[in-house]
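**Q** Got a sequence here, can you model it:
(one chain, ligands or ions: 2)
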Amino acid sequence: MQLGVIGLGRMGQIVVDRALEAGHDVVAFDLDAEAVATAADGGAEPADSVADLADRLGDEKRIWLMVPAGEAVDATLEELESHLDSDDVVVDGGNSYFEDSVRRAEACPAAYLDCGTSGGPAGAELGFSLMVGGPAWAYEELTPVFDAVATGPDGHERMGPAGAGHYVKMIHNGVEYALMQAYGEGFELLHEGRYDLDLESVASVWNNGAVIRSWLLELCEEAFREEGPDLGTVADRVEGGSTGTWTVQEALEQEVPLPLIYTALAERFGSRADDGRFSRRLANRLRYGFGRHEVPRRD
Ligand SMILES: NC(=O)C1=CN([C@@H]2O[C@H](COP(=O)(O)OP(=O)(O)OC[C@H]3O[C@@H](n4cnc5c(N)ncnc54)[C@H](O)[C@@H]3O)[C@@H](O)[C@H]2O)C=CC1
Ligand SMILES: O=C(CO)[C@H](O)[C@H](O)COP(=O)(O)O
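**A** Numbers count the residues shown, from 1 in each chain. Ligands and ions are numbered 1, 2, ... in the order given. Model prediction:
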């Protein structure tokens, strides 16, 4: 199959490489000419604009977007619009908000597949896990490409109509936040606790048969190995947060309690206070107010 890929960053380049490896023809475009050159070195046909990519694809276009969620997706779709008709299929493989995907599916002249993608750049060799929403015929049409980009036929599934793919991926990320928080808390107690433990070796033992073994735990083991048992210079600050925020917003709307995911998100936001948490500083001072407890003060 001939596939157009727009967005050739950490994730898009893997889509290109895996599609090429599986024998598909790829036409590639990115705003960054260097990224296009890298894709061309790997065997893709380079395009110098969205319109050029569309022209090179001919009839029955199959196009995979792997650009940052938000404005970049809308801008790309706007450029593509006049080149698309109802026989064409556009896949958005990024972390778009599911309601944006529903809106885009309604407006797009082509069939639109919202595809939640999990596995990250580290998933290049194994392949991704793909959660797809949109028309069944378009999903079936793109199945050879999904087989190539995912771990294989078991690594992708149609979740339902428009929005369902990105909805499932949003909640996947909420779970990711909670799992990261749980591992973080466990290792914090081990680190601060009463035994002098080698955290890399704890993670390694847990990864060998323990109930809580997982890829995230393998990444904990890697972090202790590469950064050292105290995590070296790694800062107390966690970026990102959009997908977790959407998950919590949806939970509030559906009145489904998600205390773990909410707490993980709140901890992430809390980590960004450059000047220390105001609430903790006030609690510190209040203990003096009611108990005359000593107030630890900063320099
Ligand atoms: N990095 C990760 O672990 C994962 C990322 N995703 C999602 O995949 C999408 C892409 O992520 P990454 O590859 O990590 O980002 P990235 O920042 O590495 O790459 C994005 C690429 O898109 C290009 N781009 C931006 N606007 C463009 C436009 N209008 N037209 C053409 N190219 C444009 C940029 O030049 C860049 O090369 C995002 O939605 C992200 O949330 C999904 C799963 C995992
Ligand atoms: O989707 C992912 C992993 O599954 C991406 O790594 C994403 O960027 C993480 O989300 P956030 O920025 O909200 O932490």
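
**Q** which bits of the stretch 101-250 of the chain sit near ligand 1?
**A** 117, 120-121 (CB under 6 Å from any ligand atom). (Each C-beta comes from the backbone N, C-alpha and C, glycine too.)

**Q** In TSV: the residues you listed, plus distance to ligand 2.
**A** Formatted as TSV, these follow (distance: CB to the nearest ligand atom, whole Å):
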residue	distance to ligand 2
117	7
120	5
121	9
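
**Q** any idea which of those is the one closest to ligand 1?
**A** Set against ligand 1, the nearest of those by CB to the nearest ligand atom is residue 120 (3.5 Å).

**Q** Could you report the neighbour count for that closest one?
**A** Using other CB atoms under 10 Å, residue 120 is surrounded by 13 other residues.

**Q** What distance do you get for it to residue 14?
**A** 9 Å (CB to CB, to the nearest Å).

**Q** phi, psi of the closest residue to residue 135 other than its chain neighbours?
**A** Leaving aside its chain neighbours, residue 135 sits nearest to residue 111 (5.0 Å; criterion: CB to CB, 6 or more residues apart in numbering). Main-chain dihedrals, residue 111, degrees, to the nearest 10: phi -70, psi 140.

**Q** cool, and the one 3 residues further on?
**A** Residue 114 adopts backbone torsions of phi -90, psi 120, taken as degrees, to the nearest 10.

**Q** who are the neighbours in contact with it?
**A** Contact partners of residue 114, counting by CB atoms under 8 Å, 6 or more residues apart in numbering, are 92, 96, 98, 101, 104-105, 132-134, 162-166.

**Q** Would you map the strands across the stretch 151-299 of the chain?
**A** 156-160 (DSSP state E, counting those that start in this stretch).

**Q** re earlier: among the contacts of residue 114, which one lies nearest to residue 282?
**A** Of all the contacts of residue 114, residue 98 has the smallest distance to residue 282: 37.6 Å, by CB to CB.

**Q** about what we covered before: now the residues of the stretch 101-250 of the chain next to ligand 1 in JSON lines, with pLDDT, secondary structure and distance to residue 62?
**A** As requested, these are exported to JSON lines (pLDDT from 0 to 100; DSSP: H, G, I helix; E, B strand; the rest coil; distance: CB to CB, whole Å):
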{"residue": "117", "pLDDT": "98", "secondary structure": "strand", "distance to residue 62": "16"}
{"residue": "120", "pLDDT": "93", "secondary structure": "coil", "distance to residue 62": "24"}
{"residue": "121", "pLDDT": "92", "secondary structure": "helix", "distance to residue 62": "23"}
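
**Q** Mark which of the contacts of residue 114 are buried, thanks.
**A** With neighbours counted using 16 or more other CB atoms under 10 Å, the contacts of residue 114 contain these buried positions: 92, 96, 98, 101, 104-105, 132-134, 162-166.

**Q** Closest residue of the stretch 51-200 of the chain to ligand 1?
**A** residue 94 (2.5 Å).

**Q** so is that residue in a helix, a strand, or just coil?
**A** coil (DSSP: H, G, I helix; E, B strand; the rest coil).

**Q** Tell me which residues touch the spatially closest residue to it that is not a sequence neighbour, please.
**A** In this structure, residue 94 finds its nearest non-sequential neighbour in residue 69, 4.9 Å apart by CB to CB, 6+ apart. The contact partners of residue 69, by CB under 8 Å, 6+ apart, come to 94-97, 100, 242.

**Q** How much space separates residue 238 from residue 268?
**A** Distance from residue 238 to residue 268, counting by CB to CB: 4 Å.

**Q** Quickly find the element holding residue 27.
**A** Per DSSP states H and E: residue 27 is located in strand 25-29.

**Q** picking that back up, which residues touch the residue nearest to residue 135?
**A** Contacts of residue 111 (CB under 8 Å, 6+ apart): 86, 88-90, 134-135, 137-138.

**Q** Could you do residue 129 as well?
**A** Counted by CB under 8 Å, 6+ apart, residue 129 has contacts 117-119, 123, 150-151, 155-156.

**Q** do the same with residue 93
**A** 11-12, 15, 64-66, 115, 117, 130, 149.

**Q** Neighbour-wise, which one of these leads?
**A** residue 149 (32 neighbours).

**Q** Give me the neighbour count for residue 194.
**A** 7.

**Q** Correct me if wrong: residue 190 contacts residue 201.
**A** No - if you go by CB atoms under 8 Å, residue 190 and residue 201 don't touch, sitting 10.9 Å apart.

**Q** chain center to the helix or strand hosting residue 116, what's the gap?
**A** For residue 116, the element it lies in under DSSP H and E is strand 111-118. Relative to its parent chain, strand 111-118 has a centroid offset of 12 Å by CA atoms, centre = their mean, to the nearest Å.
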